[in-house]
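Novice: Below are the sequence and a predicted model for it; my questions follow.
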Amino acid sequence: MHTESDCGLTPARPAGWGIGVFSRQRVRRIVLTLHLTLGLAVGALLALTALTGSLLVFYVDIDRMLTPELVVPGGAGGAVPLDRVVQSLREAHPHRSGGWRLELPQGPDHPIMARYMKPEETAGASFAPLMVAVNPYSGEVLSSRFWGRTAMTWVYDLHYLLLAGDGGRMVLSVGGIASLLILASGVYLWWPAAGKWGRALRPRIRSGFVRQVFDIHALSGVYGGLVLLPLIVTGVVMEQPDWVKPLVERLSPLTPAPTVAPAPAGTAAGGAAIGADAALAAALARFPQAAPRWVEVPGQGGGAYHIRLFQAGEPGWRFPKTSVWVNGGDGAILDLRDPARWTAGDAFFGWQHPLHNGECFGLCCRILVAVAGLLPALLLATGVVRWRQKARTRRPDARR
């Protein structure tokens, strides 16, 4: 984002040209150099991250398109009990004695998606669970896949870690901060003079290739920046929450994570004494208006169930924050978290993911976020063209 003078149109110096004007022009050159340098250095990274993010907005839908087994015909007899689903998982994977996380169906033709978080096959990866799809109407196991070995989970790792673990996370975090500087410097260069706001904000593309490239670049940056700014900020916060937590805790306390014993008293030796259905019923008794979303089943050594429910008004539907921990031995409630009692700090972190993928304001917001993911590639392309245009105009001046 630059001003009209950057299109190769150099205005005549007005009377009174002096130290103040010279200083402003010098600051402007510095900011322009910063904008250009960071844009060329980080622009490709930002474009890659944004394009993959556009795909991930509809990650579940695209995954179902690529994997026909994940489309389930409706069952005439209704859903089977969760205990039957757990039994099917353990029969299909008898050597996996740990717990399973069950994501309940998002629609009538969706399967139950179960995750075994630490399979030995992917022990070296920071996050690579086994993903098993189960027919909710029959309990039949439909597919078993490892995270990172499917198209959309590979895109997810590229978006979140650049396929490079903690090193990729750090590169993306630093790149996100640099992207904020690109936006800020672009706005500074574009900032119109007093009385010219209406003209500057008017969405118009003028004639002439040079002006057209400039207008597309400037308007995409100004209008698109309103959406890109929260996306970049939430991305950096989710990549490096520990960078932000000390500041947030100074302003508002954060509710600590619950301390739940790994094997509560009363648990049977062969695993949980109560089943997944009973644990879910206990959680719903505390939040009767909520919709169940996740049921984390303890391993065969015993433990606590973790139930995640969605309450009306929560920003995120797929990963809601209403949580209940249920004793696997006697079904007693061990702890719970209710977003209605969030502190401001809890709300700040609770909104990060729903804002980042557009889930917080429904389908229209998700589409807006997906479209915004195309803008960094457009800004990079028009920025490179502008740089080449300006470089060509400088060469004759240098020869003269």
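Specialist: Done, it's in.
Novice: only C-alpha atoms for contact and neighbour calcs from this point on.
Specialist: OK.
Novice: Helices of the stretch 251-400 of the chain, start to end?
Specialist: 276-286, 344-350, 352-356, 362-372, 375-399 (DSSP state H, counting those that start in this stretch).
Novice: For residue 317, which of the ones you listed is the nearest?
Specialist: Closest approach to residue 317 among the helices of the stretch 251-400 of the chain (CA to CA): helix 352-356, 8.2 Å.
Novice: And the helices of the stretch 251-400 of the chain: which comes nearest residue 166?
Specialist: The closest of the helices of the stretch 251-400 of the chain to residue 166 is helix 352-356. By CA to CA, the value is 19.4 Å.
Novice: Check the offset of the closest one from the chain's centre.
Specialist: Chain-centre distance of helix 352-356: 6 Å, with CA atoms, centre = their mean, to the nearest Å.
Novice: Give me whichever of the helices of the stretch 251-400 of the chain is most buried.
Specialist: Per residue and on average, the most neighbours among those fall to helix 352-356, with a mean of 21 (mean count of other CA atoms under 10 Å).
Novice: can you list the helices of the stretch 251-400 of the chain in TSV and add distance to residue 186?
Specialist: Converted to TSV, these look like this (distance: least, CA to CA, whole Å):
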stretch	distance to residue 186
helix 276-286	50
helix 344-350	27
helix 352-356	22
helix 362-372	17
helix 375-399	11
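Novice: In terms of pLDDT, where does the most centrally placed residue in the chain sit?
Specialist: The centre of the chain sits closest to residue 356, judged by CA atoms, centre = their mean, with a distance of 4.4 Å. Each residue has a pLDDT score; the one for residue 356 is 97.
Novice: Next, find the distance separating it from residue 232.
Specialist: 8 Å (CA to CA, to the nearest Å).
Novice: How about residue 66?
Specialist: Taking CA to CA, one finds residue 66 at 29 Å from residue 232.
Novice: These two - which one has more neighbours?
Specialist: Neighbour count, other CA atoms under 10 Å: between residue 66 and residue 232, residue 232 has more, with 22 against 13.
Novice: Restrict the helix or strand harbouring residue 101 to CA atoms and write it as PDB.
Specialist: Here residue 101, judged by DSSP states H and E, is contained in strand 100-103. Extracted in PDB, the C-alpha atoms of strand 100-103 (Å, rounded to 0.1, in the frame of the first residue of the first chain):
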ATOM      1  CA  TRP A 100     -10.000 -42.400  23.000                       C
ATOM      2  CA  ARG A 101     -11.500 -39.000  22.200                       C
ATOM      3  CA  LEU A 102     -14.800 -39.200  20.500                       C
ATOM      4  CA  GLU A 103     -16.000 -36.300  18.400                       C
END
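Novice: and it, which strands flank it?
Specialist: Taking DSSP bridges as the criterion, strand 100-103 sits next to strand 112-116 (antiparallel), strand 291-297 (antiparallel) in its sheet.
Novice: Tell me where this protein has strands.
Specialist: 100-103, 112-116, 130-134, 141-146, 291-297, 304-310, 322-327, 333-337 (DSSP state E).
Novice: could I get these as a markdown table with mean neighbour count?
Specialist: Below are the strands of the chain laid out as a markdown table (neighbours: other CA atoms under 10 Å):
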| stretch | mean neighbour count |
| --- | --- |
| strand 100-103 | 23 |
| strand 112-116 | 24 |
| strand 130-134 | 22 |
| strand 141-146 | 16 |
| strand 291-297 | 22 |
| strand 304-310 | 27 |
| strand 322-327 | 25 |
| strand 333-337 | 17 |
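Novice: Mean pLDDT and distance to residue 228 for those - can I get that in a markdown table?
Specialist: Below are the strands of the chain laid out as a markdown table (pLDDT from 0 to 100; distance: least, CA to CA, whole Å):
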| stretch | mean pLDDT | distance to residue 228 |
| --- | --- | --- |
| strand 100-103 | 98 | 30 |
| strand 112-116 | 98 | 31 |
| strand 130-134 | 98 | 32 |
| strand 141-146 | 97 | 32 |
| strand 291-297 | 98 | 29 |
| strand 304-310 | 97 | 28 |
| strand 322-327 | 96 | 29 |
| strand 333-337 | 95 | 31 |
